[in-house]
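A.B. asks: Could you look at this predicted model? Sequence included:
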Amino acid sequence: MEVCQDIQIDPVLRDGNFTELPMKQTANLRANQILIVILSGIITLWYILLLWKRSKLYFHSWNVPGPMNLPFIGIAYLFLGTNATDIMGTLIKIQKQYPNYFKAWFGPKLLYFLSDPVHLEKVLTNPKSLNKDDLYDFISEVIGTGIMTAKVKKWRKHRKVIMPAFNQKILESFVEIFADQSEVFADQLEKYVGRKDLDLFKLISSCTLDIICETAMGVKMNLQTTDCDFGHNLDKIMEIVTYRIFHIWQHIRIMRMLFPMNWQFRNYEKKFRDFTTAVVKRKMEEYEAAKQNYRKSSLVAAIEEENPKRKLAFLDLILENSNFTEKELIEEVEIFLIAGTDTTASAICCILTMLGMFQDIQQKVYEEIFEIMGPDRKVVPADLPEMKYTERVIKESLRIFPVAAFFVRSVGENIDMGEFVVPEGSSVFFGPVHIQRNPKYWPDPLKFDPDRFLPENVAKRHPCTYIPFSFGPRNCIGVRYAMMNMKTILANTLRRYKVFTQYKSIKEIKLKSNVVLRMKDGSKVWVESR
Ligand code: HEM
């Protein structure tokens, strides 16, 4: 009671006699009311303009099915409090409810999730849908606007310059690097024979990063045999990028800055950038020196004359054939590191898990490899096209585990799908898992059957029922590189080890996504010497 008596109450409020409010207070109240009216007016006007701007999107999408959208945030609430695993699980759950297509607002963005191959082809081959969605800005924040994230005008120019660097002759020259580095990987596995605590992804991603560094930049990193946090930094960067894409409050720059995650991000990013910048600078100096010493019109010819044994890297070829600035060169090199490392590493983990689960298939792959190159001969380019069964196994694994978890295109003109129109200004979200595990196109979809990829079976399917490397003019530029690399790694691993996994069925494997799709609980693989 005593405590209550201490509280001093304004006599006007206590007595309820508001007519006695002093003049100054009344004026303040009026000013506040006017301010509220003006603010409400502005917000209403802004909202009407917004509705007007989006009227075409509303018009085309109102009768397209989809999950419940909340005002302003759309379906973003479904991702509240989710991590990399839940994000993938949530997406798969929603897509299961809408087998062919659905729409969803994600904040101010209208997304179409398409799963019918005919619809996919229409978007992926439409020249006005070549731009990536601005969700890629989170990736651009790390690696700038190289070929992967660039807008169409720049993309066309860069793709034209970079494409010849992926020609067959250059790719064949890389096989020696694939073979050497995968032999180091097989040596590293020796320490883990019979051990179930093998962290396969960690080992294999150091291998794929070593390979990318050497083939893209001409730098031997030896990440497999030394203790270096370069791979860890890259992994953390991608984890944060995924978190930002799916958590809508992270789309507001000021909000991002407030999270401690932002400082970690800057730290990882700086280390990554310092490294790539140093390599590109060194390369450019090397070229200047080679040019002056040899006075060749072709820089590549000068390098070859100086050291005929030296392997040319993508960076050498791009330097030779373009007038890219230092910044552009750094961006392209970083794209290769991001696009080529974890994708290949995760794919190898999934393939080895499948081979561990299906021992009869592993035996067939082993026999094919043994027949082509014997127990220990070094892999050479001519071996790779011969590995036909192995190739089918890789493809079937990428069907069930399409490691590029999703990609998003911005739509530049209305695309008529028959039953509905995907309007200009919206975006299309592609989740290959959904279409590639759809029983409509893949009977008994969780059955691991490499013969689905026999030529006669492939011919029966629409090409867009299988899109692990995307489709159309903006597909993966590294598809042949990746296949050659994966075959070489498998040849060197399976000739020395038998692979096993603790998983009993594909159904029990949960997925997660750091942009790249991975197994949530790891591959649970262990190896025994042959
Ligand atoms: C199993 C391995 C791989 C898979 C499944 C894969 C998948 C993909 C997919 C789905 C895209 C389209 C992404 C999008 O539209 O946003 C893509 C683009 C790209 N990939 Fe790959 N990739 C793999 C390996 C590689 C490798 C090894 C490299 C480089 C050496 C590479 C370089 C690129 C580049 C540069 C792009 C952008 C192409 C463009 O926009 O023109 N990828 N990849």
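C.D. replies: Thanks, I have the structure now. Numbering: from 1, shown residues only.
A.B. asks: low-scoring pLDDT stretches of the stretch 301-450 of the chain, where are they?
C.D. replies: 301-310 (pLDDT under 70).
A.B. asks: which parts of it sit against the ligand?
C.D. replies: Within the stretch 301-450 of the chain, the residues that sit near the ligand (C-beta under 6 Å from any ligand atom) are Ile335, Phe336, Ala339, Gly340, Thr343, Thr344, Ala347, Val403, Ala404, Phe407. All C-beta atoms are positioned from the backbone trio N, CA, C, and that covers glycine.
A.B. asks: TSV for these, including secondary structure?
C.D. replies: Below are these laid out as TSV (DSSP: H, G, I helix; E, B strand; the rest coil):
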residue	secondary structure
Ile335	helix
Phe336	helix
Ala339	helix
Gly340	helix
Thr343	helix
Thr344	helix
Ala347	helix
Val403	coil
Ala404	strand
Phe407	strand
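A.B. asks: want to throw these into CSV with neighbour count?
C.D. replies: Putting those into CSV (neighbours: other C-beta atoms under 10 Å) gives the following:
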residue, neighbour count
Ile335, 24
Phe336, 27
Ala339, 23
Gly340, 22
Thr343, 24
Thr344, 26
Ala347, 27
Val403, 24
Ala404, 22
Phe407, 21
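A.B. asks: where along the stretch 201-350 of the chain do the strands fall?
C.D. replies: Using DSSP state E, counting those that start in this stretch, the stretch 201-350 of the chain contains no strands.
A.B. asks: should've said the stretch 401-530 of the chain
C.D. replies: 407-410, 415-416, 421-422, 427-430, 497-501, 511-514, 516-519, 525-529.
A.B. asks: what's the weakest-modelled helix or strand in this structure?
C.D. replies: helix 2-5 (a mean of 40; mean pLDDT, DSSP states H and E).
A.B. asks: hmm, back to that, tell me which of the strands of the stretch 401-530 of the chain lies nearest to Thr242.
C.D. replies: strand 511-514 (5.2 Å; C-beta to C-beta).
A.B. asks: who's in contact with stretch 259-276?
C.D. replies: 141-142, 217, 229-230, 233-234, 236-237, 240, 243, 250, 256, 330, 333-334, 337 (C-beta atoms under 8 Å, 6 or more residues apart in numbering).
A.B. asks: Could you list the low-pLDDT ranges of this structure?
C.D. replies: Looking at the chain by pLDDT under 70, you get 1-22, 82-85, 291, 293-310.
A.B. asks: Next to the ligand, which bits of it? Give me the list.
C.D. replies: Counting by C-beta under 6 Å from any ligand atom, the chain sits next to the ligand at 132, 147-148, 159, 335-336, 339-340, 343-344, 347, 403-404, 407, 468-470, 474, 476-478, 481-482.
A.B. asks: Chain neighbours aside, what residue packs nearest to the closest residue to the ligand within the chain?
C.D. replies: Proximity of the chain to the ligand (C-beta to the nearest ligand atom) peaks at Gly478, 2.4 Å away. Using C-beta to C-beta, 6 or more residues apart in numbering and skipping residues adjacent in sequence, the residue nearest Gly478 is Gly340, 5.5 Å away.
A.B. asks: Turn the strands of the stretch 401-530 of the chain into CSV, columns for distance to Glu183.
C.D. replies: Formatted as CSV, the strands of the stretch 401-530 of the chain follow (distance: least, C-beta to C-beta, whole Å):
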stretch, distance to Glu183
strand 407-410, 33
strand 415-416, 48
strand 421-422, 48
strand 427-430, 36
strand 497-501, 13
strand 511-514, 28
strand 516-519, 25
strand 525-529, 15
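A.B. asks: so Tyr77 sits right up against Pro71, yeah?
C.D. replies: No. Tyr77 lies out of contact with Pro71 (C-beta atoms under 8 Å); the separation is 10.8 Å.
A.B. asks: The two: which is more packed in?
C.D. replies: Tyr77 (13 against 7; other C-beta atoms under 10 Å).
A.B. asks: how many neighbours does the closest residue to the more buried one other than its chain neighbours have?
C.D. replies: Leaving aside its chain neighbours, Tyr77 sits nearest to Leu70 (5.7 Å; criterion: C-beta to C-beta, 6+ apart). Other residues near Leu70 come to 11 when the count uses other C-beta under 10 Å.
A.B. asks: show me where the stretch 201-350 of the chain has helices.
C.D. replies: Taking DSSP state H, counting those that start in this stretch to define them, one finds helices in the stretch 201-350 of the chain at 230-246, 253-258, 260-294, 299-306, 314-321, 326-357.
A.B. asks: Report the distance from the fifth one to the chain centre.
C.D. replies: In terms of C-alpha atoms, centre = their mean, to the nearest Å, the gap separating the centre of helix 314-321 from the centre of its chain is 25 Å.
A.B. asks: Look up how far Phe259 lies from the residue nearest to Gly478.
C.D. replies: 29 Å (C-beta to C-beta, to the nearest Å).
A.B. asks: Also Asp360?
C.D. replies: 49 Å.
A.B. asks: Which one's more surrounded, these two?
C.D. replies: More neighbours surround Phe259 than the other of Asp360 and Phe259, with 16 against 7 (other C-beta under 10 Å).
A.B. asks: and the more buried one, backbone torsions?
C.D. replies: Torsion angles at Phe259 (phi, psi; degrees, to the nearest 10) stand at phi -80, psi 140.
A.B. asks: go on, Phe448?
C.D. replies: Dihedral angles for Phe448 - degrees, to the nearest 10 - are phi -80, psi 100.
A.B. asks: that older thread, filter the contacts of stretch 259-276 down to just the buried residues.
C.D. replies: Among these, those buried by neighbour count (16 or more other C-beta atoms under 10 Å) are 141-142, 217, 230, 233-234, 236-237, 240, 243, 250, 256, 330, 333-334, 337.
A.B. asks: Closest to Gln97 out of the residues you listed?
C.D. replies: When the buried ones among the contacts of stretch 259-276 are compared for distance to Gln97 (C-beta to C-beta), Tyr243 wins out at 24.6 Å.
A.B. asks: Do I have it right that that closest one meets His251?
C.D. replies: No. With contact defined as C-beta under 8 Å, Tyr243 does not reach His251; the gap is 11.6 Å.
A.B. asks: residues near Tyr489, how many?
C.D. replies: Just to correct that, residue 489 is Ile rather than Tyr. 28.
A.B. asks: who's in contact with it?
C.D. replies: Phe178, Ser182, Phe185, Ile204, Cys207, Ile348.
A.B. asks: go with 6 Å
C.D. replies: By C-beta atoms under 6 Å, 6 or more residues apart in numbering, Ile489 lies in contact with Ser182, Ile348.
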